[in-house]
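A.B. asks: My questions are about this predicted structure, shown below with the sequence.
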Amino acid sequence: MGEGGLTEVFLNESKEIIGNLESDIVTLEERNDDQEIINRIFRYFHTLKGSSGIAGFTVIYEFTHNLESLFDKVRSGEMKVNRNIIDILLDSIDYIKEELFGNADPDHSGKIRAELTESINSFLGKNEEKEETEDFMDAVGAYKGVGSNERFFRIRAAFREDIFSNGIDPLMVIEDLSGLGDFTYLAVDEKRIPDFNRLDPEKCYMAWDIILKTQFDEMKIRDVFLFVYDDNEIDIENVTDKYSSAKGNLFLEEKKLGEILVEKGIINDNELEDLVRLQNDKNYKLGDIIVQKGLASSKQVDDALNEQDRLKKKIEISTVRVDSTKLDNLMNLLGEIVIGQASLHRIADEIEEEKAFILKNSLYGLDRVTREFQEQIMSIRMVPIGPTFEQFKRFVRDAAHSMGKEIKLRVEGGDTELDKTVIEKIGDPLKHMIRNALDHGIETADERKKAGKPPYGTVTLKAYHQEGNVYIDIIDDGRGVNLEKIKKKAVTLGLLSPEEEITKEKLISIIFSPGFSTTEQTSDLSGRGVGMDVVKTNIEELRGSVEIRTKDKEGTLIRIKLPLTLAIIEGMLVRIGRSILIIPLLSVIETIQVKKEDYKTVEGKGEVILVRGEYLSLVRLNELFGMEANFTNPWEALIVIVESGGERIGIMIDDLIGQQQIVIKSLDNYISTSRSISGATILGDGKVALILDIHGMAEEIKNK
Amino acid sequence: MKVENEINVKNIREFYLSLKNELEKSDEIIIDFSDTVRIDSSAAQVLLSAMKRAAELDKQIKMEGVSPELQVLLTLAGLSQL
């Protein structure tokens, strides 16, 4: 890993740590004696300090050192958590963020740093003179997780043959080492020791592999090897994160098949040694030799192999970290495979029947694999929404303070998983809506008391899965949306005529109109340029939808509906004239033919069809998109019934072509002015087909 | 065989040779450590190697009179379970 790589790893890690810190610190303000949170915060500061030191960010290193000292006092109970400390901690985090990720003017950030350091020092009761900073290596050694101050080190030490002549006894060194803690694992490499008869007893052959559980840092361990470090093979590795989470002496060590079998008492050590020799000489698989020699049944070997796999998996889970662009590439490539498959299907349709049958059969197999492949990639791309929710804790706290309101943020369903891209893009819209809830929804404490509500308002963020979609609810227990105010504003903006009668739902949906904002004075937070229309567009870009429900004096619920995945959907291919269009299968309810007498034209509603006693709007795609259709009479054509947001519409088509996986390619905005289209895809024959956006279409019809 | 107060690199050759001798003539060797307080790495590796050889010859080496202090060293040298 090059220099740049290290910095990148550090910055990524820091971003994560800072996010966690912010949310934990805000939580700490509420639960100021929660030892678990206190310890966690301390650990974060410590890690930040250590890794900034390693990555060469010395300014941050020194700064976090001070923070750590400050927080150590909290941890030891010497200092009580109060608003002042929380403020300093949060300001410090802002500074660190700016220093690491912002492009602040160095003079300015230097000044902020000096101010913060001064207030930290005044808390610490220190004068200007800085205390001797902790030894750098100490922090580096301790960098990986302090846990309950317990660290694990793996020490591998192999000594020079002539070391005895220097008067050094390696065993004594190991004895010293054992004084630092407990050995949870110890092995002497006997293979290095020659056969007894050829042994030169005055030469040293000793080598150890040890795992040490200790309170001390790496420096202390190094000290033990002080006289032997340079000219012997001494390797000290901090393996705390691999071991500390494991209970007791459970090892996540990768085990060899033989070891597992010996442990299970199926073969003994001597047998194993012979087998390994045989394995090395003849290059056989150990498992095969064991079964052949009748030492164990093949089932026993299989069991052991499974166990080996399990252990391996455990190790992998704790170690794999992949650059997210690689996942994006993988998804794109899979998209290409799906397109390729579609073109093979097409070829199969055109060749002679017998061959087509064979080709199709193998294609179905391939389809199954690709589908599974897609699910696997998807599952890798899925990330819990929890961290996104957590980051709002800080935001809500600061915003509430500045508005002079008391507001609590509750988070539910943080482990609900969403596609990584969705998570990345949902943050801003969510923030905007939370901001609205804080600003417009929640009343001041006085108003709330008068209304018989608890003085503090609650905003709840809730995520959950339902029918192939993910829902995110933003619920506040505030005063509800002021419909009168909206109506007045809409009239002033010319969106509504004063006499017009309008339903509650329609009125609320005006909030999403461009340029709409009801605040008379623009506050710091909401009502600045970006309105709910941007929020709506952002969510629709993710193929989602947003809905508002409100009850006067009781509160407001904003429900965001998002698809599970963005890249590939199941689509229904339909033909109109010579064009092929795609309807997302999730929206399709059924395909029917209507009788002539069930078709009507209703004043103000346009064309409708009667389906099982219910009149549904009829959409002619040829009119909507200005293309040709074979059938102009609804009773000759086919009707696909689709549903969006509880509303059903009938779409007139010429023919059904089939169903297939569709890779969504997004269209640039200037191409797609119609809200009825969400994107395009490439079909098997290389043609482009548009994908219908049922939700957008329903909206467009309503607005007509 | 009885061993001295301390086995280290100074007297290891002696210890090695007598152990080698014992290993050739007896089926079971008992090393009496009751007077021994310390061993060093050289002794440890002789013992490790001898144990392996004994196992190959289907012979046994037993250690007796091991003091708690010595037991610690034997453990650290991989001559006894952790």
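C.D. replies: Perfect, thanks for sending it.
A.B. asks: mind checking the SS state of the spatially most central residue of chain B?
C.D. replies: Taking CA atoms, centre = their mean as the criterion, B:L47 is the residue nearest the geometric centre of chain B, at 4.4 Å. Judged by DSSP: H, G, I helix; E, B strand; the rest coil, the three-state class of B:L47 is helix.
A.B. asks: Just list the residues touching A:I17, thanks.
C.D. replies: If you count contacts by CB atoms under 8 Å, 6 or more residues apart in numbering or on different chains, A:I17 has them with A:Y44, A:T47, A:L48. For the C-beta atoms, the positions are set from N, CA and C on the backbone; glycine is no exception.
A.B. asks: Report the closest residue of chain A relative to chain B.
C.D. replies: A:V188 (3.1 Å; CB to the nearest CB).
A.B. asks: Give the burial count for that residue, as a bare number.
C.D. replies: Residue crowding around A:V188 was assessed by other CB atoms under 10 Å in any protein chain shown; the count is 23.
A.B. asks: Bridging across strands, which residues link to it?
C.D. replies: Assessed by DSSP bridges, A:V188 has beta-bridge partners A:W208.
A.B. asks: and the gap between it and A:F227?
C.D. replies: Remark: distance between A:V188 and A:F227 (CB to CB, to the nearest Å) = 21 Å.
A.B. asks: what sits against A:R620?
C.D. replies: By CB under 8 Å, 6+ apart, A:R620 lies in contact with A:E607, A:A629, A:M652.
A.B. asks: which of those count as buried?
C.D. replies: A:E607, A:A629, A:M652 (16 or more other CB atoms under 10 Å in any protein chain shown).
A.B. asks: would you turn the residues you listed into CSV with pLDDT, distance to chain B and secondary structure?
C.D. replies: Output for the buried ones among the contacts of A:R620, formatted as CSV (pLDDT from 0 to 100; distance: CB to the nearest CB, whole Å; DSSP: H, G, I helix; E, B strand; the rest coil):
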residue, pLDDT, distance to chain B, secondary structure
A:E607, 89, 84, strand
A:A629, 87, 82, coil
A:M652, 93, 79, strand
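A.B. asks: which residues touch residue 59?
C.D. replies: Using chain A. By CB under 8 Å, 6+ apart, A:V59 lies in contact with A:E99, A:R113.
A.B. asks: You answered for a different chain; I wanted chain B.
C.D. replies: Contact analysis of B:K59 by CB under 8 Å, 6+ apart lists B:L23, B:S26, B:D27, B:E28, B:I29.
A.B. asks: Which of the residues you listed fall within helices?
C.D. replies: Mapping the contacts of B:K59 onto helices (DSSP state H) picks out B:L23.
A.B. asks: Closest one to chain A out of the contacts of B:K59, please.
C.D. replies: Nearest to chain A among those is B:L23, at 7.3 Å by CB to the nearest CB.
A.B. asks: Could you check how many residues crowd around that closest one?
C.D. replies: Around B:L23 there are 18 residues (other CB under 10 Å).
A.B. asks: helices and strands of chain B: which one bottoms out on pLDDT?
C.D. replies: Least confident helix or strand of chain B, by mean pLDDT, DSSP states H and E, is strand B:6-7 with a mean of 82.
A.B. asks: That strand close to chain A?
C.D. replies: No: between strand B:6-7 and chain A, judged by CB under 8 Å from any CB of the partner chain, nothing touches; the nearest distance is 10.1 Å.
A.B. asks: Provide the strand pairings for that strand, with the direction of each partner.
C.D. replies: strand B:38-39 (parallel).
A.B. asks: Next, the buried residues of the strand or helix carrying A:G650.
C.D. replies: Taking DSSP states H and E as the definition, one finds A:G650 inside strand A:647-653. Neighbour-count burial for strand A:647-653, with 16+ other CB under 10 Å as criterion, is recorded at A:R648, A:I649, A:G650, A:I651, A:M652, A:I653.
A.B. asks: Next: stretch A:399-412.
C.D. replies: For stretch A:399-412, the neighbour count (16+ other CB under 10 Å) marks A:A399, A:A400, A:M403, A:K405, A:E406, A:I407, A:K408, A:L409, A:V411 as buried.
A.B. asks: so how far is A:G457 from the second one?
C.D. replies: Right, the one you point to is A:A400. Separation of A:A400 from A:G457 (CB to CB): 8 Å.
A.B. asks: and for these two, which residues touch both?
C.D. replies: Common contacts of A:A400 and A:G457 (CB under 8 Å, 6+ apart): A:E406, A:I407.
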